[in-house]
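A.B. asks: Take a look and give me a structure for this.
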Amino acid sequence: MNLFPREKYLKKIRGFCHADDIIKVITGVRRCGKSCLMQMIAEELRSKGVPEKQIIYLDMDIRRYRKIKTADALEKLIDENDPGGMMRYLFIDEIQNVQNFEEVLNGFRTEGGWSIFITGSNSYLLSGELVTKLTGRYLEFEVFPLCFEEYLDMKAFYQLPVSVNLQQELADYILEGGFPRAVLLETRQDKRRYVQGIIGEIFEKDIRKRVKIREKDTFEKLRVYLINNFGGRMSISSIYRALRGNGIRITKQTVSRYVQILLDSKVIYECPRFDMKSKRSLQGEKKYYLSDLSFYYALNTDNTIQYGPDLENLVYIYARACDYAVSLGRIGRLECDFIVRGEERNYAYIQVAFTIANSRETEEREYRPLEMIRDNYPRYLMTTDFLLQQRNGIRHVNLIEFMKNGQKF
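C.D. replies: Below is the predicted model of the structure:
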């Protein structure tokens, strides 16, 4: 089967494909498409004339390499495949299966003539050991499940039916998620069973092998609590109180540790609060968003779309996939849903709502925080309305069209 090209990520990596002084680390939640992205990079190199012998692709999860567990064994395997004398392109998938792999990669990087790409368990790759042992000579390329634009494009690529009703497609995308393999499954039941499998796989392969969790049941309850309350304001203290209130014996320290484990495995993302007057991050309450909304719907039988948190989650992940830093904005007593900051440190302010068409009160509530902002950075009100208005320089946009067209803030 031809792979659906993830151009959103390929274009970020192309400029570093031939760099032998920088290790390319591809991260993202399990099954989001990291391995396929590496295969696309390798295929693109072949299409541009790089000889097959110069491309070394090692998937450490396959049976052939199941005995490659040590740094010495990995080094020997690479040497056996080394054509010598020219630039080599080394791809290693699921590299966390090899102990002390960092020493081997750093040695080949220092030697020169090796362009190295790796993927693996995020709870390992993003740990302090990677930073220390690779001495900062790496770049992280973070991959997310399919955004709405990619979801539609992938369905078209594989000639799957796409509704002319974009609101229906958005509803399907929310309920079924953006994991690439799930898109190819026929029924919603199969898609959810697949996502449930991903959740189990994350715990067994990405978490349990990396950290000790003595109280698995307690960890599961915290995970369910965070997934079920995504998009709500919370703090470590409020999570602790909620769990204790439900009879779960746990300490604040353990809550903090378990939350960090879920962040490291990229099941959830943390969105901090930012004070717009002092231009400083605020401690305490923040919001947690899901790397994919299917995590919520796969664990719950309710098919009712929660348009408030669901659309916020979509906009948050969309902005992160477009390389924006994202915060919650506080303006005096009011709050703006998101402040996004681009690579050139340009800001944009975003309010998200399902609709403002049915209520004057809702319209006023959504516009008010944006009207309090006095600088000249762009301000967006994102809704699913197709009848749009402009007010006090605020850009009212249809978020379905915005995401479908891959627009930037």
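
A.B. asks: only C-alpha atoms for contact and neighbour calcs from this point on.
C.D. replies: Will do.

A.B. asks: In stretch 21-37, which of the residues would be classed as buried?
C.D. replies: Within stretch 21-37, the residues scored as buried using 16 or more other Cα atoms under 10 Å are 21-37.

A.B. asks: swap that for stretch 266-279, sorry
C.D. replies: Quick answer for stretch 266-279 (16+ other Cα under 10 Å): 266-276.

A.B. asks: Would you mind naming the helix or strand containing the residue sitting furthest away from the middle of the chain?
C.D. replies: Going by Cα atoms, centre = their mean, the residue of the chain most distant from its centre is Gly85, 37.8 Å out. Using DSSP states H and E, Gly85 sits within no helix or strand.

A.B. asks: any idea how far it is from Gly112?
C.D. replies: Here the criterion is Cα to Cα, to the nearest Å. By it, Gly85 lies 11 Å from Gly112.

A.B. asks: immediately after the worst-scoring helix or strand of the chain on mean pLDDT, which helix or strand?
C.D. replies: Ranked by mean pLDDT, DSSP states H and E, the weakest helix or strand in the chain is helix 128-133, scoring a mean of 65. Using DSSP H and E, the next helix or strand after helix 128-133 towards the C-terminus is strand 138-142.

A.B. asks: buried stuff in the next helix or strand after that next one?
C.D. replies: Sequence order places helix 148-157 as the next helix or strand after strand 138-142, per DSSP H and E. Neighbour-count burial for helix 148-157, counted by 16+ other Cα under 10 Å, picks out 148-155.

A.B. asks: from the residues you listed, which is closest to Asn165?
C.D. replies: Using Cα to Cα, Leu152 is the member of the buried residues of helix 148-157 that lies nearest Asn165, at 11.9 Å.

A.B. asks: so how many other residues sit close to the residue lying closest to that closest one once chain neighbours are set aside?
C.D. replies: Spatially, and ignoring its direct neighbours in sequence, Leu152 is nearest to Val162 (7.2 Å; Cα to Cα, 6 or more residues apart in numbering). Using other Cα atoms under 10 Å, Val162 has 13 other residues around it.

A.B. asks: residue contacts, Val162?
C.D. replies: When contacts are counted by Cα atoms under 8 Å, 6 or more residues apart in numbering, Val162 touches 152, 155-156, 169.

A.B. asks: Mind putting these into a markdown table with pLDDT and distance to Pro309?
C.D. replies: Shown next, in a markdown table, are those (pLDDT from 0 to 100; distance: Cα to Cα, whole Å):
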| residue | pLDDT | distance to Pro309 |
| --- | --- | --- |
| Leu152 | 97 | 22 |
| Lys155 | 97 | 25 |
| Ala156 | 97 | 28 |
| Glu169 | 97 | 18 |
